[in-house]
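In: need a structure here:
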Amino acid sequence: MAAALVRPTNNRMIAGVCAGLARRFGTRPATMRVLFLLSCLLPGPQFLVYLALWVLLPSEDRASGAAAW
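Out: Numbers count the residues shown, from 1 in each chain. Reported below is the predicted structural model:
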C-alpha cells in the first residue's frame, strides 16, 4: 500500500511538500527537490502548485491525530 500524502515532520526544508511527495512516490527527498528546482526553469505554475500543496496537504502530526479520532 502506498504511503499517505502528508507533509512529514522530519526531512523538511521549507514546508515538507517535496519530502511528502518523495515519500508518496518512493524516491529520495533530495531527488524530488532537484526535480522541483529543474521544473521551475520551465514556464508554468510550479510555484503556485507548491504553495497550494503547502496549504492543502495536512502535516503528518495533524493527520495522525485526526486518524486517532
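
In: wait, a strand at Pro43?
Out: No. Going by DSSP: H, G, I helix; E, B strand; the rest coil, the assignment for Pro43 is coil, not a strand.

In: could you tell me the model confidence score at it?
Out: pLDDT recorded at Pro43 is 95.

In: quick check on it: phi, psi?
Out: In terms of degrees, to the nearest 10, the main-chain angles of Pro43 are phi -70, psi 140.

In: before we move on, what about Thr9?
Out: The phi/psi pair for Thr9 (degrees, to the nearest 10) is phi -80, psi -20.

In: residue contacts, it?
Out: By CB atoms under 8 Å, 6 or more residues apart in numbering, Thr9 lies in contact with Gly16, Ser59, Glu60, Asp61. In short, each C-beta sits where N, CA and C put it, glycine included.

In: change it to 6 Å
Out: Glu60, Asp61 (CB atoms under 6 Å, 6 or more residues apart in numbering).

In: where's it relative to Thr27, distance?
Out: 19 Å (CB to CB, to the nearest Å).

In: from the contact counts, what lies against the host helix or strand of Trp54?
Out: Assessed by DSSP states H and E, Trp54 sits inside helix 46-56. Judged by 3 or more CB pairs under 6 Å, 6 or more residues apart in numbering; DSSP states H and E, helix 46-56 is in contact with helix 17-25.

In: per-residue confidence for Met13?
Out: For Met13, pLDDT reads 89.

In: wait, Trp54 sits on Ile14?
Out: No. Between Trp54 and Ile14 there is no contact, the gap being 8.1 Å when judged by CB atoms under 6 Å.

In: re the thing from before, could you give the angle of the helix holding Trp54 to helix 17-25?
Out: Here the directions of helix 46-56 and helix 17-25 differ by 80 degrees (axes from the mean of the first three to the mean of the last three CA atoms, to 10 degrees).
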